[in-house]
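Asker: A structural model of the following input is requested.
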Amino acid sequence: MLSVFVDRFYRQLQILSDARVSPFSSHGYYALCRQQLTKEYWLVNQKNRTDGKEADGVSALDFGELSELLVSNLDESILSDAAAFLINEMGDEQKAEYINALYFSEKLQGLFKGVVDITGSHHLLSDAVSDKELRLSKLMGMTNNEESIHELYDCFPWLNRSEQHSSDAILRMFTDLVEEGLLDTKVMSLFLLVLTPSQLNVIGNVASNVLSAEDALCVLVRGGMVKHAPLINSVLAQSETPSILLRALRNLLGSSLDNLVEFDVQLAAWQGEQSAIKRFQQEFALNWPKYEDDFANQRVISGYPLVSKFNGASKRAVSFSNLLLIDLFTAQQSLQPVEETLGAA
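Answerer: Numbers count the residues shown, from 1 in each chain. Modelled structure (predicted):
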């Protein structure tokens, strides 16, 4: 049963979940945590087989029990990692059947996106899955298919670099994404990253009219504009949600933020300690001038310039969520203008 699996490996699942959701953990660390869970899972199953007991496995995944656990006191993030771990033990055909059934189970849709992201199963999604964030990831993995490219540009016209979009068109696309509830998704993050600096400035000038002050500031740095980092730092103590702003800063600068603020101070500030937030502001303001010229006019993600070629080492150094975004951005960079890809009409 799934509950038995969760109870048996709760501590390891908690560590794994924390490594996945924290902007201060690297994907390399997350991979190590998962490797440790895999090792302990294998050892327990080996002992069970030796003792003549049934091994934990994919049979532990029951939709009814998943639903019960989802409304229990169990952290949803931990449940997502538990379900994803067992789903990853399946073959592709069984995995596709299970994941798509999860989507069409009304009670379990809250787990669906997290499980798909953790298992990297976007390519197995049914065409009936309409979630735009997951659809983007799926289509980005199918750009060798002409029909998929047409669908990609129909759904996300801002990805088509052969089209010259006016400022008004860019603003409409931005407000459409907000109205569709996609503000806090990888769709919005990728949209902001592919804009030119001048287009991003247009968005920044109107964002405060349609978003909260914190969200408007986050939009600026989600587009990779490092020059706005001091502005976020200056309002941390006055913000009602400083953790959101600190996450945005860490996602922007990655481990480069360690040059500006001690890591322990960052972590304590993100966890809401008021004294740490004030110290964060002081250290950032003191050290920023030393690095300001290095960051001048740069656009980065996790501290890496957008023009970087991301390799295995750099991918291991970024957070789980930023790696998903980097993979999308890298795929976007490889897209050719539609005429070149499909042939001129």
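Asker: now the helices for the stretch 101-250 of the chain?
Answerer: Using DSSP state H, counting those that start in this stretch, the helices of the stretch 101-250 of the chain run over 109-119, 132-140, 146-155, 167-179, 186-194, 197-210, 213-222, 229-234, 242-253.
Asker: a markdown table please, covering these and showing mean neighbour count.
Answerer: From N, CA and C alone the C-beta is placed, and that goes for glycine too. Output for these, formatted as a markdown table (neighbours: other Cβ atoms under 10 Å):
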| stretch | mean neighbour count |
| --- | --- |
| helix 109-119 | 20 |
| helix 132-140 | 21 |
| helix 146-155 | 15 |
| helix 167-179 | 15 |
| helix 186-194 | 22 |
| helix 197-210 | 16 |
| helix 213-222 | 21 |
| helix 229-234 | 18 |
| helix 242-253 | 22 |
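Asker: Any chance of JSON lines for the ones you listed, columns distance to Gly272 and mean pLDDT?
Answerer: Shown next, in JSON lines, are the helices of the stretch 101-250 of the chain (distance: least, Cβ to Cβ, whole Å; pLDDT from 0 to 100):
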{"stretch": "helix 109-119", "distance to Gly272": "24", "mean pLDDT": "90"}
{"stretch": "helix 132-140", "distance to Gly272": "28", "mean pLDDT": "93"}
{"stretch": "helix 146-155", "distance to Gly272": "38", "mean pLDDT": "89"}
{"stretch": "helix 167-179", "distance to Gly272": "27", "mean pLDDT": "95"}
{"stretch": "helix 186-194", "distance to Gly272": "24", "mean pLDDT": "96"}
{"stretch": "helix 197-210", "distance to Gly272": "25", "mean pLDDT": "90"}
{"stretch": "helix 213-222", "distance to Gly272": "15", "mean pLDDT": "92"}
{"stretch": "helix 229-234", "distance to Gly272": "17", "mean pLDDT": "95"}
{"stretch": "helix 242-253", "distance to Gly272": "7", "mean pLDDT": "96"}
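Asker: do you know which of those lies nearest Phe329?
Answerer: helix 186-194 (5.6 Å; Cβ to Cβ).
Asker: Low-confidence stretches in the chain?
Answerer: Confidence mapping of the chain against pLDDT under 70 gives the ranges 48-49, 51-60, 336-345.
Asker: What's the biggest helix in it, counting residues?
Answerer: Scanning the chain for the longest helix, with DSSP state H as the assignment, gives helix 27-50.
Asker: what's the helix or strand harbouring Gln94 packed up against?
Answerer: If you go by DSSP states H and E, Gln94 is part of helix 92-103. Applying 3 or more Cβ pairs under 8 Å, 6 or more residues apart in numbering; DSSP states H and E, one finds that helix 92-103 contacts helix 76-87, helix 109-119.
Asker: So which bits of that helix are buried?
Answerer: Lys95, Ala96, Tyr98, Ile99, Asn100, Leu102, Tyr103 (16 or more other Cβ atoms under 10 Å).
Asker: Let me know the closest of those to Asn311.
Answerer: Lys95 (28.2 Å).
Asker: how close does that closest one sit to Leu70?
Answerer: 20 Å (Cβ to Cβ, to the nearest Å).
Asker: Between the helices and strands packed on helix 92-103, which one is closest to Leu306.
Answerer: Per Cβ to Cβ, nearest to Leu306 of the helices and strands packed on helix 92-103: helix 109-119, 22.0 Å.
Asker: Please tell me how far Gln36 sits from Ile15.
Answerer: 8 Å.
Asker: Apologies, that question was intended for Gly141.
Answerer: Gly141 sits 29 Å away from Ile15, going by Cβ to Cβ.
Asker: From the neighbour counts alone, determine which of the two ranks first.
Answerer: More crowded of Gly141 and Ile15, by other Cβ atoms under 10 Å: Ile15, with 21 against 16.
Asker: Does the more buried one touch Arg34 like I think?
Answerer: No. The pair Ile15 / Arg34 is not scored as a contact, 9.8 Å apart, by Cβ atoms under 8 Å.
Asker: How far does stretch 89-96 sit from its chain's centre?
Answerer: 23 Å (Cα atoms, centre = their mean, to the nearest Å).
Asker: can I get the CA coordinates of that stretch in CSV?
Answerer: Extracted in CSV, the C-alpha atoms of stretch 89-96 (Å, rounded to 0.1, in the frame of the first residue of the first chain):
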residue,chain,number,x,y,z
GLU,A,89,9.4,2.2,-11.5
MET,A,90,6.8,1.5,-14.3
GLY,A,91,7.5,0.9,-18.0
ASP,A,92,6.6,3.6,-20.4
GLU,A,93,3.3,2.1,-21.5
GLN,A,94,2.0,1.6,-17.9
LYS,A,95,3.4,5.0,-16.9
ALA,A,96,1.5,6.7,-19.7
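Asker: Now for Pro157, how many residues are close by?
Answerer: Around Pro157 there are 12 residues (other Cβ under 10 Å).
Asker: Kindly report the domain assignment for the protein.
Answerer: Using automatic domain parsing, the domain parsing of the chain gives 2-129, 168-338.
Asker: Dump these to JSON lines, plus distance to Phe156.
Answerer: Listed next are the domains of the chain as JSON lines, based on distance: least, Cβ to Cβ, whole Å:
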{"stretch": "domain 2-129", "distance to Phe156": "15"}
{"stretch": "domain 168-338", "distance to Phe156": "7"}
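Asker: For His150, find the nearest of those.
Answerer: When the domains of the chain are compared by Cβ to Cβ, domain 168-338 sits nearest His150, at 8.3 Å.
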